[in-house]
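In: I would like the atomic coordinates for the input below:
(2 chains)
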Amino acid sequence: MDLDLIEAAQRGDQVAFVDLVRLRGDRLFAIAHRILRDVGWAEDALQDALVIAWRDLPSLRDPARFDAWMHRLLANVCIAHAGRERRRLANLRLLPLDGAAAPDDLLNIADRDQLDRAFRRLVPEERAVLVLRYFVGYEPSEIAEVLGVPGGTIRSRLHHALRAMRAALDADARAAVVGGTPR
Amino acid sequence: MNQHSDIDRVLSRWFDDGPATMPDRVVGVVAGRIGRQPQRRGWRLFWRQHPMNGYTKLIAAAVAGLALALVGSVALPRLMDQIGRARPFGEITARYDNVTLGLVHPVDLAVAPNGDIYVTESNDRVTEITPSGHIVRQWGTPGSAPGQFDFNGLQAANGAYASIAVAPDGRVYVADSDNHRVQVFEADGTFVRQFGSAGSGQGQFGLAYDLAVDASGNAYVLDDMLEHLTKFSPTGEVIWIANRSTNPALVGHGHGVTLDPRGRLVYGNDDNGKVIYLDTNGRFLDAFDAGACDASVDGAGNVYIGGCASADIKVFDTAHTLIGTWTGALLRDAPAFGPAGEVFGFDRDGNILRLQFNLTAG
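Out: Now for the predicted structure:
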């Protein structure tokens, strides 16, 4: 934890803040990308979140909570961006994920495609919860705390999102069994 | 197919793919933007950095102090009264250890007319326990046949969903969440009937989350996924559905539905923290802000608020005034009340607590 940098940035030190961005940027960008599934949107969202972070940093009472605070900011910005993009892209065909990885033991290309389609159909709040749970590694109670949302809401978002993701994979498996070709 | 059974691993693996490096240009853009963006500063920083000299600051502080004293002379007596009324009022009178009882991750409990407690457990079982903590009977196994349950359809890590309610006639209603139905049993566990199926249509459930039963045998079920409250007749037919489309005040997730002594439906909306009142025809009657997540009502109509990781239990009277706060109660949810004034709840470890509230002390 770079408390010195955080405290210096809180006092208005722009150089310290930029150093903080360099240190934390990769992880934050990865989170934004997982929620938004697009490099350009993730970049925009991360920039917006960092500018808001700079503006509001003096109000952060406990510098040791910087990461959780930043995750909350970033998730909320991503949710706002995703909401706008969902409306804009409502009638457009979904394209495969940028830089899709090669097949591995656990997931083949069809699985990834199904997961990607199912994930994009989730509402932004559910996407953020899945990313915080399975990419960042927060427990549901921690997600509730990070997002400032009641635990019951997080559990129900998680429940719904997981059901949708599982259904996507199961549909893929059924199609394979009957000889269908997953789209 | 088996490879998909562990959705945790699949999602973790899937999320691990993708870019992990922030494009360099982000740093430049952010550096440029923060150069034009002043920080928001609280009053302490404002005070420290303001160019007023020390003498002027002293006068400003004195003026502010006088203004505060003036406001305080009016507001303080009321505030002290509120603090006095809101002092802790709850007490644990007995604790039944869930491990000793052989309970497996208890999920929900309800108090029967005879004072017995019915507990749902995450191993798809219902257990009846006497008020003094002795097991009377148990029923239920995993499955979808009558008398079987599926409370953990997704994964135990995300919690089981198994709300339970006992009707005034002693019948036990269980929200069999992942079988998308409600099952009704006699007090001794004999299967009576079931209603509901999977889906989003009328009479179907996405996630049957909480339920209550009135004296006529009508069941009221909150669906956490579909975000609505449905009234079912004693034969399982849908009488009405209340949600955001029937009244904008009902937007969001409802938890802890129950009936108050006046026959009104009461539940907490954990999206906006309000306690909602409906009549038994589904008409919106009233709401008030309570920081509500889970709610329950005692025999006098006082509303108890807990759950959602809060360590406290708050109680509001029928005029919606906060009349007590049990700080650090560490109950998992709002307490459950029996018809003879019995009160039970779970602690954070799933042990059953017998409780006593003394509102006159508060």
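In: Buried residues, stretch A:70-88. List them.
Out: Residues A:70-79, A:81-82, A:85 are the ones in stretch A:70-88 that count as buried (16 or more other CB atoms under 10 Å in any protein chain shown). Any C-beta I mention is one placed from the backbone N, CA and C, and that applies to glycine too.
In: For chain A, just list every one of the helices.
Out: Listed in chain order, the helices found in chain A under DSSP state H are A:3-10, A:14-36, A:39-56, A:66-88, A:109-121, A:124-131, A:140-147, A:151-177.
In: Any chance of CSV for the buried residues of stretch A:70-88, columns distance to residue B:31 and pLDDT?
Out: Formatted as CSV, the entries for the buried residues of stretch A:70-88 read as follows, by distance: CB to CB, whole Å; pLDDT from 0 to 100:
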residue, distance to residue B:31, pLDDT
A:70, 17, 94
A:71, 22, 94
A:72, 23, 92
A:73, 18, 92
A:74, 18, 94
A:75, 23, 93
A:76, 23, 90
A:77, 18, 91
A:78, 21, 91
A:79, 25, 88
A:81, 21, 84
A:82, 26, 81
A:85, 26, 61
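In: Format these as a markdown table; extra columns: distance to residue A:26.
Out: Conversion of the buried residues of stretch A:70-88 to a markdown table gives the following (distance: CB to CB, whole Å):
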| residue | distance to residue A:26 |
| --- | --- |
| A:70 | 13 |
| A:71 | 14 |
| A:72 | 19 |
| A:73 | 17 |
| A:74 | 13 |
| A:75 | 17 |
| A:76 | 20 |
| A:77 | 17 |
| A:78 | 16 |
| A:79 | 21 |
| A:81 | 19 |
| A:82 | 21 |
| A:85 | 23 |
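In: Without its sequence neighbours, what residue ends up closest to residue B:237?
Out: If the residues on either side of it in the chain are set aside, residue B:237 comes closest to residue B:203, at 7.4 Å by CB to CB, 6 or more residues apart in numbering or on different chains.
In: That neighbour and residue A:135: what is the separation?
Out: From residue B:203 across to residue A:135, the span is 38 Å (CB to CB, to the nearest Å).
In: Below-threshold pLDDT in chain A: ranges please.
Out: A:1, A:84-107, A:171-183 (pLDDT under 70).
In: Flag every residue of the stretch 1-150 of chain B that's near chain A.
Out: B:1, B:3-4, B:7-23, B:25-27, B:29-31, B:33-35, B:37-42, B:45 (CB under 8 Å from any CB of the partner chain).
In: if I pick the residue nearest to the spatial centre of chain A, what's in contact with it?
Out: With distances taken as CA atoms, centre = their mean, the residue of chain A nearest its centroid is residue A:35 (3.0 Å). Taking CB atoms under 8 Å, 6 or more residues apart in numbering or on different chains as the definition of contact, the neighbours of residue A:35 are A:42, A:45, A:75, A:78-79, A:82, A:124, A:127-128, A:131.
In: Among the buried residues of stretch A:70-88, find me the one that's closest to chain B.
Out: Comparing those against chain B with CB to the nearest CB picks out residue A:74 as the nearest, at 12.0 Å.
In: There's contact between that closest one and residue A:30 in this structure, I believe.
Out: No. The pair formed by residue A:74 and residue A:30 falls short of the contact definition of CB atoms under 8 Å, at 10.6 Å.
In: about what we covered before: so between residue B:203 and residue A:135, which is more surrounded?
Out: With other CB atoms under 10 Å in any protein chain shown as the criterion, residue B:203 and residue A:135 differ in neighbour count, and residue A:135 comes out ahead with 20 against 15.
In: How about the contacts made by the more buried one?
Out: The neighbourhood of residue A:135, defined by CB under 8 Å, 6+ apart, consists of A:30-31, A:34, B:12, B:15-16.
In: Give me the distance between it and residue B:165.
Out: Using CB to CB, we find residue A:135 at a distance of 38 Å from residue B:165.
In: pLDDT value on the closest residue in space to residue B:124 that isn't next to it in sequence, please?
Out: Closest residue to residue B:124 in three dimensions, ignoring its sequence neighbours and counting by CB to CB, 6+ apart: residue B:149, at 4.0 Å. According to the per-residue confidence, residue B:149 scores 95 in pLDDT.
In: who does residue B:149 bridge with?
Out: residue B:142 (DSSP bridges).
In: tally of neighbours for it?
Out: If you count neighbours by other CB under 10 Å, residue B:149 ends up with 29.
In: rewinding a little: I'd like the helices of chain A as JSON lines, with distance to residue B:161 appended.
Out: Formatted as JSON lines, these follow (distance: least, CB to CB, whole Å):
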{"stretch": "helix A:3-10", "distance to residue B:161": "40"}
{"stretch": "helix A:14-36", "distance to residue B:161": "26"}
{"stretch": "helix A:39-56", "distance to residue B:161": "33"}
{"stretch": "helix A:66-88", "distance to residue B:161": "25"}
{"stretch": "helix A:109-121", "distance to residue B:161": "22"}
{"stretch": "helix A:124-131", "distance to residue B:161": "17"}
{"stretch": "helix A:140-147", "distance to residue B:161": "13"}
{"stretch": "helix A:151-177", "distance to residue B:161": "8"}
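In: Check the ones you listed for me and report the most buried one.
Out: Most buried of the helices of chain A, by mean neighbour count (mean count of other CB atoms under 10 Å in any protein chain shown): helix A:124-131, with a mean of 24.
In: who does it touch, helix- and strand-wise?
Out: In this structure, helix A:124-131 packs against helix A:14-36, helix A:66-88, helix A:140-147, helix A:151-177, with contacts taken as 3 or more CB pairs under 8 Å, 6 or more residues apart in numbering or on different chains; DSSP states H and E.
In: repeat that with 6 Å
Out: Packing partners of helix A:124-131 (3 or more CB pairs under 6 Å, 6 or more residues apart in numbering or on different chains; DSSP states H and E): helix A:14-36, helix A:66-88, helix A:151-177.
In: so how far is the longest one off the chain centroid?
Out: Computed by CA atoms, centre = their mean, to the nearest Å, the chain-centroid distance of helix A:151-177 equals 17 Å.
In: okay, the angle between that helix and helix A:124-131?
Out: Calculated by axes from the mean of the first three to the mean of the last three CA atoms, to 10 degrees, helix A:151-177 forms an angle of 80 degrees with helix A:124-131.
In: Helix A:151-177 vs chain B: in contact?
Out: Yes. With CB under 6 Å from any CB of the partner chain as the criterion, chain B is reached by helix A:151-177 at A:151-153, A:155-156, A:158, A:160, A:162, A:166, A:169, A:173.
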